[in-house]
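1. show me how the following folds:
(3 chains)
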Amino acid sequence: MEDNIVLTMRGICMTFPGVKALDNVDFTLRKGEIHALMGENGAGKSTLIKCLTGINDFEAGEIRVNGIEGPVKNHSTLDAQKVGISTVYQEVNLCPNLSVAENLYIGREPMTPFHTIDRRTMNKKADELCKRLDIKVDVTQNLENYSLALQQMIAIARAVDMDCKALILDEPTSSLDDSEVEKLFKMMLQLKEQGVGIVFVTHFLEQVYAVCDRITVLRNGTLVGEYPVAELPRVKLVAAMMGKDFDDLASIKPEGFGVDKDAPLEISARGLSHKGTIKPFDLDIHKGEVIGLTGLLGSGRSELARSIYGADKAQTGTLKVEGKEAKINQPIDAMHMGMGLLPDDRKAEGIIGDLSVRENIILALQAKRGVFKQLPRAKQEEIADRYIDLLQIKTASRETPIKQLSGGNQQKAILARWLATDPNFLILDEPTRGIDVGTKTEIQKLIIQLASEGKSIMFISSEIEEMLRTCNRMAVLRDGAKVGELDGELTQERVMAAIAGGAENAQ
Amino acid sequence: MKKPANALKPHKSMNSNTLLLYITIVLFILLYAAGCLVYGDRGFTNLQTFLNLFRTNAGLICVACGITCVMLTGGIDISVGSLVALDCMLLAYGMSVWGLSAPVMILIVLAVGLVFGLVQGICVGYLQIQPFIVTMAGLFFARGMVSVISTEQLAITADVNQTFYDMASFRISLPFGGTVNRAGKVILPYIGIGVVIALVVLVLVFLMLRYTKFGRSLYAVGGNEQSAAMMGLDVKRTKLKAYVLCSLLCSIGGICYCMNTMMASTTQATGMEMDAISSAVIGGTLLTGGVGNVIGTLFGVLINGTISTIVLTNGKLASSWPNILTAVLLCFFIVLQSIFARLKEKNK
Amino acid sequence: MLNKKKLTQQQLFLPIVCVLLVLAVNIVYDVVQGRDFYDFFKIGIENGLLSGRIISILNRGSEVAILSIGMTLVVSASAGTDISVGSVMSLSASFCVMLIAGFGVSSVSSPDEFAMPMVVGLLGALLMGVLCGAFNGTLVAYLNIQPMVATLILWSAGRAIGLLLCNNLIVYIRVPEFGLFGGYVGPIPTPIIIAAACILVVTVLLKKTALGMYIQSVGINKKASRIAGLNSQRIIFLCYVLCGLCAGIAGIVASSRITSADSNNIGLDMEMDAILAVALGGNSLAGGRFNLAGSIIGAYTIQAITTTMYNLGVPSAVSPVFKAVIVILIVAIQAPPLKAWFKRLSASKALAGKEVANG
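-> Next up is the predicted model:
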């Protein structure tokens, strides 16, 4: 192995039930570089990192680490630490109730001759470590007294002090503000000077160009390529992440499927916001319109939708539904106004795993009717059967627990749940993620059909071509704020330029 | 929520956890002062009354220390009261019926505590069963075992076992603070061996929690189990050890308790789990784990003891009042904790 | 092999096996004692009242059966148990008797001495149950306190408050009308009728409204339920209120049986029986899917165990030991680490089998 290389991953393959999560992926980390790992949802970034740190068990391929003979296979994060690979996650994995020094040294505290913890030495060492890395903290204070940024840095300090060669930062900046990010960067550059190889996973383009030397892009579990930063301008990076080539499916939009500016307004939001996730935004949605929310992961596209639906109650602003002011405190209020939300995290917020397909399909309709007006069993079965048939949900029977279905069929069942409520305004957050191409097209067609029936659809997706095919208008989000709208002729270039934003937008 | 850039400095202001402890200490002082004011004429101001708080609650102090350790990991142990009853019954029955000597019986009682804790610890730590279910089964098991041994009320008199009797009635007098009785004789305030044991336990647990790896891993596990595991701590083992320690301390507490009551019965120490849990919670131990220490717990015990003493000194109040007041206090502190937790969440 | 697996995965597998086990023990014991092997099943009429061991089990098991209804709902919706049910039973009974007899009265022997009509007392008991349930529900649903910690408060305070209401006395109401609820209607023991009525009402409620689905949905995935328009907090709260109401009803039955309110003994250890009933019924104590029929069979099974142990000469104070062991065994079998271990074991066995076949 070359001396300047910290670790290499070659031909890594990994399958989750029904999905090829990683297909023959290579990755190389060199000494003293900051290497960005980029990709949209489901691209395989986190899976790749989990293979590296021993959380996931990969099926094929090998990992080699500098200074170690033969391939390395980690079985836990502890194994990984032993070969010099440390990870710092977005969620700080430290104990908030212990002091900074303890968090740095727990499990390997300096001991006195009486087998007790030598607090003085520990504090001194911790203080030295923090000073060296320019972290200004009082190491005897509890960790929870410090901001997330400092906690993040302390986590990094812990990793660094354990003699790490490769430091993986998994979206460390997503909950930090600008000045905090800057401090973190300073620290990263300092570590880079010391020869540590850093893998930086993020979805903020600005940050990639601010500190990184090299970018590896993944898409749908495959390697798109490895590029030096200078050779990959923003727009190209977005293209690499979101897919440049149209697939050969013909346009499914019918003729004259455009914005009808005269159509009455379904939704009119003014100054809606949710603290910490989405800044105040205005948005109008006409009847019979498919509006796409575009932007990178973490740009606030889901959050915008959730604040309209009341999943995260909007703290400011007003919302009018069909011209009438709506007070939405929780989802059921939105449902009574004719809304529906298909959340992006299917497992956490979509399916009720142990309930049957039938129950999952009628749940929202039943909730809308109220507890005492139970749908008769025959009616329930009729509805379930209708949608199983209509959406071609593959299930052993309508009484099968939904958790036994494949991801795509689960998604269809959740879609059926909302279609059953006959909504006027349906929010679809990543409805096609992790679904095969055929089903994707079906769902896209369905969206257009619903719109032509006069319903309004809000469509969120990581794949631009999918949005181009279905939307007649797009709202662009960046860093938790709505930054613009695109209508008229929607093209890949325009959308990407808008998403990428920044200085290159003008070029 | 994102903090401004100057968040580099820690909030030096008091955090909610120390606040809870201060509330407890102030509450104790107020309660005791109120007792002195109202019942000063009935000996409430005597030093001995204060020492009696320790004498009657020596067992509870040990038990509460144990439960604090378990609660630090985010667990709970409601079997403690029954285990204390089982220990008392074993001691009394062993010495009176089997005729074994006091040291042997004390060793047996400690061994029972060890095994009991081991089983509960394996269930909680390694089988990952909810602590409440495990220890509730433990509660009924131990209480049932008391009846299996004997359903009678057994007294430990000097005839039963001289050594134990002497140990229990041994008085350690303080050289000051005496009162003069009617006959003009000075009576010095005193404590018993139980108090000494309890205080030693208290100090040892305090030191253990602060200065040993095991002590700190209890906090780590309670603070964030997943993080603790990621930082290389053996979470399962830590939990197992916590339950073993708790049951062992219960056994020690049971011996202290027995020295105080000098008898055993099937209904003994009922509700002690409640006193112990409320002492810990009142003393600032979070039910969610990770925060608390035995100093707070001691004040919790003292508050509970003061309430009982006041009710007892009054003489007219129903005997169930201490139970109700303990529960009310527990409820108050639990709700307080919940509100603090919510505020903390909001500030983030 | 396949059939066997299916059988053990049936939800009612566990309770039915237990029932069969208890039956077997009884039959063996009867035969050993020289009685008919079907002695257990004999139903006779003595003094115009139904008698027999089955009737006795159904009768004595009524309180547990009623409690297990509420407990099932609580477990399903909140993945925690309500350990205050026994104390709430006692508190409701004390309140009921206190209302009827008047505060501080230790005994009444005719309706003329009633401080208030009996109906007021009974409604009072139910109200007290509901209030206690609401208290627990508020702590759990709205203040996010762990269910068992929240219910711990009433678990310990309930009896103490009951004692206070009864002025530290065991209050007797020696009036036949009051004894009716623990006695007989015609030849049939009233508790059986009350339990059957409760079961019927709740079954109808679950069948005719969407409540059952709501509760399970919230218990399985709170977040997803909220997005689908359910008010999780209100549903959990409601479950605790229902559980409190069940405890109130059980309290009336228990105090009517002894025509008195004995705060220290009514409902003693009942929380254990109720939780055991739910676990025995094949319900996971981790919440989610529930099976009410299972819980009820579980409840009567527990009573059968208690009665059988009593018949075998085991002192009643000892039975908690056995029940504790059974609970731990049942829960341990369902514990994920053990399940995973079994899976690995059978997988490696299958693998070994394959290798043998291949080799």
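
2. what about the residue nearest to C:Thr259 when sequence neighbours are not counted, neighbour count?
-> Excluding the flanking residues, the one nearest C:Thr259 by CB to CB, 6 or more residues apart in numbering or on different chains is C:Gly179, at 4.8 Å. The C-beta positions use only the backbone N, C-alpha and C, and glycine is treated the same way. Applying other CB atoms under 10 Å in any protein chain shown, we find 18 residues neighbouring C:Gly179.

3. then A:Asp23?
-> Residues lying near A:Asp23 (other CB under 10 Å) number 17.

4. doesn't it fall inside a helix?
-> No - A:Asp23: not assigned to a helix; according to DSSP: H, G, I helix; E, B strand; the rest coil it is strand.

5. helix or strand: which one has residue 217?
-> If you meant another chain, say so; for now it's chain A. Here A:Val217 sits within strand A:214-219, counting by DSSP states H and E.

6. sorry, I should have been clearer: chain C.
-> Using DSSP H and E, C:Ser217 falls within helix C:211-220.

7. likewise for A:Phe200?
-> Element membership of A:Phe200 [criterion: DSSP H and E] is strand A:197-201.

8. give the pairing partners of the strand holding A:Val217; include direction for each.
-> strand A:34-38 (parallel), strand A:222-228 (antiparallel) (DSSP bridges).

9. so of those strands, which one's packed in deepest?
-> Neighbour counts averaged per stretch over the strands paired with strand A:214-219 are highest for strand A:34-38, at a mean of 25; criterion: mean count of other CB atoms under 10 Å in any protein chain shown.

10. and the closest residue to chain A within the stretch 101-250 of chain B, what's its pLDDT?
-> Per CB to the nearest CB, B:Gly223 is where the stretch 101-250 of chain B lies closest to chain A, at 3.5 Å. pLDDT, B:Gly223: 90.

11. ok, the one 5 residues further on next?
-> The confidence metric pLDDT takes the value 89 at B:Ala228.

12. beyond the host helix or strand of it, next helix or strand please.
-> For B:Ala228, the element it lies in under DSSP H and E is helix B:225-230. Moving toward the C-terminus from helix B:225-230, the next helix or strand (DSSP H and E) is helix B:235-261.

13. now for that following helix, which elements pack on it?
-> Packing contacts for helix B:235-261, counted by 3 or more CB pairs under 8 Å, 6 or more residues apart in numbering or on different chains; DSSP states H and E, involve helix B:47-72, helix B:80-93, helix B:102-121, helix B:162-169, helix B:193-211, helix B:213-223, helix B:225-230.

14. what lies in contact with the strand holding A:Phe200?
-> With CB atoms under 8 Å, 6 or more residues apart in numbering or on different chains as the test, strand A:197-201 has contacts from A:6-7, A:29-38, A:45-46, A:49, A:165-172, A:188, A:191-192, A:207-208, A:211-212.

15. return the residues of chain A in contact with chain C.
-> Applying CB under 8 Å from any CB of the partner chain, we find that chain A lies next to chain C at A:311, A:330-332, A:335, A:341, A:343, A:348-355, A:359, A:363-364, A:366-369, A:371-375, A:417.

16. list buried residues within those residues.
-> Neighbour counting with 16 or more other CB atoms under 10 Å in any protein chain shown marks A:311, A:330-332, A:335, A:341, A:343, A:349-355, A:359, A:363-364, A:366-368, A:371, A:374-375, A:417 as buried within those.

17. off-centre distance for stretch A:165-185?
-> 17 Å (CA atoms, centre = their mean, to the nearest Å).

18. residues of that stretch that come out buried?
-> Applying a neighbour-count criterion of 16+ other CB under 10 Å, one finds A:165-177, A:179-181, A:183-185 buried in stretch A:165-185.

19. filter the residues you listed down to just the ones in helices.
-> Of the positions in those, A:Ser179, A:Glu180, A:Val181, A:Lys183, A:Leu184, A:Phe185 sit in helices, assigned by DSSP state H.

20. just those residues that are near chain B?
-> A:Ser179, A:Glu180.

21. next, format the ones in helices among the buried residues of stretch A:165-185 as a markdown table and append pLDDT and distance to A:Leu319.
-> Shown next, in a markdown table, are these (pLDDT from 0 to 100; distance: CB to CB, whole Å):
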| residue | pLDDT | distance to A:Leu319 |
| --- | --- | --- |
| A:Ser179 | 76 | 33 |
| A:Glu180 | 77 | 32 |
| A:Val181 | 82 | 32 |
| A:Lys183 | 82 | 38 |
| A:Leu184 | 85 | 36 |
| A:Phe185 | 89 | 38 |
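
22. quick one: neighbours of the residue of the stretch 101-250 of chain B closest to chain A, just the number.
-> Counted with other CB under 10 Å, residues neighbouring B:Gly223 total 27.

23. now the residue positioned nearest the centre of chain B: how far from C:Pro187?
-> The C-alpha lying nearest the average C-alpha coordinate of chain B belongs to B:Ala64 (CA atoms, centre = their mean; 1.7 Å). Separation of B:Ala64 from C:Pro187 (CB to CB, to the nearest Å) stands at 54 Å.
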